[in-house]
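1. Task: produce atomic coordinates for the following.
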Amino acid sequence: MGYGIIAVSPQKIKLLEMSILKLNSRKDNYERLQLIHQKVSELIKAHKPSSFAIEAPFFGKNVQSMLKLGRAQGVAIAAAINAGLEVFEYSPKKIKQSITGNGNAGKEQVWQMLQRILSIQHNTDIKYLDASDALAVAVCHHFQDNTLLKTAGKKLKGWEDFIAKNPDRIIAKRQS
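-> Residues are numbered from 1 along each chain as shown. Here you go, the predicted model:
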């Protein structure tokens, strides 16, 4: 199971932590589910995120694999809900589209774009693509949750309305 945690400021997105939880196949399924819940709870406690995003399950042909994935995701979601976080799900295609502009992009292409977006050294190899997949979910959520057109619970009718209601947030650039 991969995970990625980002910090967002008005100037940039910063990678805080990205890794995997390697689950021992010799442990029984319930022990592995307990480890997932424990790890997600620890990450939430350590980083105090404002929301929790997860990749929506994709539909495969192996029913047993889908069942195991669903249980694992359910345990992770339960840990987030238990911590009071709002949960968001994104399809694999939506995540790839958000990061690369191509919903059919490969994992390596997604990783290369994440390196650019987060200013991660381009010669950094990724050992576990599950970790970069999870990081892509976090960045996708940031892009989807970008609330420039929402202010103080007021719905806006477009950029003109935003500018009119937020003159302090507009930066004018002079062209010479």
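2. sec struct for Leu69, please.
-> helix (DSSP: H, G, I helix; E, B strand; the rest coil).
3. give me phi/psi at the closest residue in space to it that isn't next to it in sequence?
-> Spatially, and ignoring its direct neighbours in sequence, Leu69 is nearest to Pro57 (5.7 Å; Cβ to Cβ, 6 or more residues apart in numbering). Quick note: C-beta positions are derived from backbone N, CA and C, even for glycine. In terms of degrees, to the nearest 10, the main-chain angles of Pro57 are phi -60, psi 140.
4. Give me the below-cutoff pLDDT ranges for this structure.
-> 123-125, 146-157, 159, 162, 166-176 (pLDDT under 70).
5. quick revisit: count the neighbours of the residue nearest to Leu69 for me.
-> Pro57: 15 surrounding residues under other Cβ atoms under 10 Å.
6. Ok, Ala46 next?
-> Count around Ala46 with other Cβ under 10 Å applied: 11.
7. element containing it?
-> Using DSSP states H and E, Ala46 sits within helix 29-47.
8. same thing with Ser19?
-> Going by DSSP H and E, Ser19 is part of strand 13-20.
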